[in-house]
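>>> give me a 3D structure for the following:
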Amino acid sequence: MTPADHPGSNHNRLVYVVGNLDDGGIERQLNHILSHVDIDRYKPLVVSFTHKEDSPWMPVWRELGVDVIPIPAGLNSWGKVRMLRRLLTTARPEIVHSMAFYTNFPTWLAARSIPALVTGSIRSDWNAMIRANGRLLSGLCVRYPGTILANSADTAARLQQIHGPFAPKQVEFVPNAVDVDRSRPAPAWPQDDAFTIIGIGRLNPEKDWDLAFRSLSHFAKQYKNPWRFLLCGRGVEEARLRTLAQDLAIQDNVEFLGFQDDIPAVLARSHVFLLTSHYEGTPNALLEAMIAARPSVCARVGDIARLVEDGKSGSLIGTRNPAHYASVLLQLARNMDDARAMGQNAYRRILQEPSPSELVENQFRVWRAMGFRG
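Modelled structure (predicted):
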């Protein structure tokens, strides 16, 4: 569907504005929301600010009965704001929610001409957003719209400490959802003889896969039994990472799996989850690893320390030293019983996080406090 095709009589009560419509955490959480919100009652509409034709989510959401409208490529920033304004005027929503940080201010600008409640998001580290978007745009995106939903308690606390013209009016901590059947026991431990490590995420610079690969290189020099690294995701770094794997002589142990629509099935093949990001909010990949009852070896960034108890359900690494990561991986590889016990602890911990239906309710709680009566 194009903007020109959108029917004016539809009255989408709820509009979600996203950025790239890629295969990352924002899209996975939005999928939880769209799968559990009352479609007939709220008629949600998704607007993609920077559209990707090969997005795996468009057919999924359209199957749910959700319209997905891409803003045409080739428009500059102001052109996108004007197009979004026309869409919102047609849809006549009661709530407009920006899911991506950098779309907060443009969404607020576009919605000023309609009587809708407008909220924004921040889903990563505040300082990282400044580096990625610049101080001016970051300040505008945290100030407008006035209410920001943060999926990280750490980031929410940091935003509440901002003073001056860019201070947000209201910050609400709305944690990510985990989709898990709480009545079932933890998933089984793999029986594969090869020690299997898994990484999940975009193959982009912020994930610091270089550190992961260099850690695996250190690990390989000390661990002489069979092992493999499963890398799920796609991104601009893939070609360079393939070359790096060859340079480090670990190419035979690294499997580039690309986008995976069944992450639990891939996690079932793994023993340990590895995350080496420069920054995170509340990483969906970690949540999925904990649902799979896998211990994690993670950089101590964002809200990871809220979820992972160091030494009990995983290991938190406070340095960027690959030898440190390697030593922890080596300890887990040589003590599988300990690794399995840590995975069980991770599973018990993740059951305390909100379900998709609770995520929907948490969002509506914020909107009702702002005056929404739906």
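>>> give me the helices and strands touching the helix or strand of the chain with the lowest mean pLDDT, please.
Least confident helix or strand, the chain: helix 126-133 with a mean of 85, by mean pLDDT, DSSP states H and E. For helix 126-133, the elements it packs on are helix 135-143, helix 153-159, judged by 3 or more Cβ pairs under 8 Å, 6 or more residues apart in numbering; DSSP states H and E. Using the backbone N, CA and C atoms, a C-beta is placed for each residue, glycine as well.
>>> dump the residue contacts of the residue of the chain positioned farthest from its centre.
Relative to the centre of the chain, the most outlying C-alpha is that of residue 224, 34.7 Å out, by Cα atoms, centre = their mean. Residue 224 sits next to no residue when contact means Cβ atoms under 8 Å, 6 or more residues apart in numbering.
>>> element containing residue 83, please.
Per DSSP states H and E: residue 83 is located in helix 77-91.
>>> C-terminal to that helix, what's the next element?
Assigned by DSSP H and E, the successor of helix 77-91 is strand 95-98.
>>> need the per-residue pLDDT for the spatially most central residue of the chain.
Closest to where the C-alpha atoms of the chain average out (Cα atoms, centre = their mean) is residue 25, at 2.1 Å. You'll see residue 25 listed with a pLDDT of 85.
>>> ok, and the closest non-adjacent residue to it?
Nearest residue to residue 25, sequence neighbours excluded (Cβ to Cβ, 6 or more residues apart in numbering): residue 284, at 4.0 Å.
>>> what about this protein, any weak spots by pLDDT?
Scanning the chain for pLDDT under 70 picks out 1-10, 51-53, 182-183.
>>> quick one, strands of it?
Taking DSSP state E as the criterion, the chain contains strands spanning 14-18, 45-48, 67-70, 95-98, 117-122, 147-150, 170-173, 195-200, 227-232, 254-258, 272-275, 296-299, 314-317.
>>> wait, what's in contact with the residue nearest to the centre of the chain?
123, 176, 281, 283, 284, 285.
>>> same check on residue 237?
203, 204, 205, 209.
>>> okay, the residues you listed in TSV with distance to residue 242 and neighbour count next?
Converted to TSV, these look like this (distance: Cβ to Cβ, whole Å; neighbours: other Cβ atoms under 10 Å):
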residue	distance to residue 242	neighbour count
203	10	21
204	15	17
205	16	13
209	11	26
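>>> dump these to a markdown table, plus distance to residue 149.
Putting the contacts of residue 237 into a markdown table (distance: Cβ to Cβ, whole Å) gives the following:
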| residue | distance to residue 149 |
| --- | --- |
| 203 | 27 |
| 204 | 23 |
| 205 | 26 |
| 209 | 29 |
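>>> circling back: any chance of the contacts of residue 25 in CSV, plus distance to residue 74 and neighbour count?
Shown next, in CSV, are those (distance: Cβ to Cβ, whole Å; neighbours: other Cβ under 10 Å):
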residue, distance to residue 74, neighbour count
123, 27, 24
176, 33, 23
281, 31, 29
283, 33, 29
284, 31, 24
285, 33, 27
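>>> restricted to helices, list those.
Counting by DSSP state H, the part of those found in helices is 284, 285.
>>> what's the closest of the contacts of residue 25 to residue 87?
For those, the residue nearest residue 87 by Cβ to Cβ is residue 123; the value is 22.8 Å.
>>> so who does the spatially closest residue to the closest one that is not a sequence neighbour touch?
Using Cβ to Cβ, 6+ apart and skipping the chain neighbours, the partner closest in space to residue 123 is residue 281 (4.6 Å). Taking Cβ under 8 Å, 6+ apart, we find residue 281 in contact with 25, 122, 123, 124, 125, 150, 151, 152, 155, 302, 303.
>>> can you rerun that using 6 Å?
Residues near residue 281 by Cβ atoms under 6 Å, 6 or more residues apart in numbering: 123, 124, 151, 152, 155, 302.
>>> from these, list the buried ones, please.
Buried residues within the contacts of residue 281, counting neighbours by 16 or more other Cβ atoms under 10 Å: 123, 124, 151, 152, 155, 302.
>>> can you redo the residues you listed as CSV with distance to residue 292?
Below are the buried ones among the contacts of residue 281 laid out as CSV (distance: Cβ to Cβ, whole Å):
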residue, distance to residue 292
123, 22
124, 23
151, 20
152, 22
155, 26
302, 20
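>>> pick the one among the residues you listed closest to residue 68.
Nearest to residue 68, judged by Cβ to Cβ, of the buried ones among the contacts of residue 281 is residue 123 at 19.7 Å.
>>> distance of that closest one relative to residue 188?
32 Å (Cβ to Cβ, to the nearest Å).
>>> wait, isn't the residue nearest to residue 25 in contact with residue 27?
No: Residue 284 lies out of contact with residue 27 (Cβ atoms under 6 Å); the separation is 9.3 Å.
>>> the residue lying closest to residue 332 once chain neighbours are set aside: how many residues sit nearby?
Once flanking residues are discounted, residue 332 sits nearest to residue 339: 4.4 Å by Cβ to Cβ, 6+ apart. Counted with other Cβ atoms under 10 Å, residues neighbouring residue 339 total 20.
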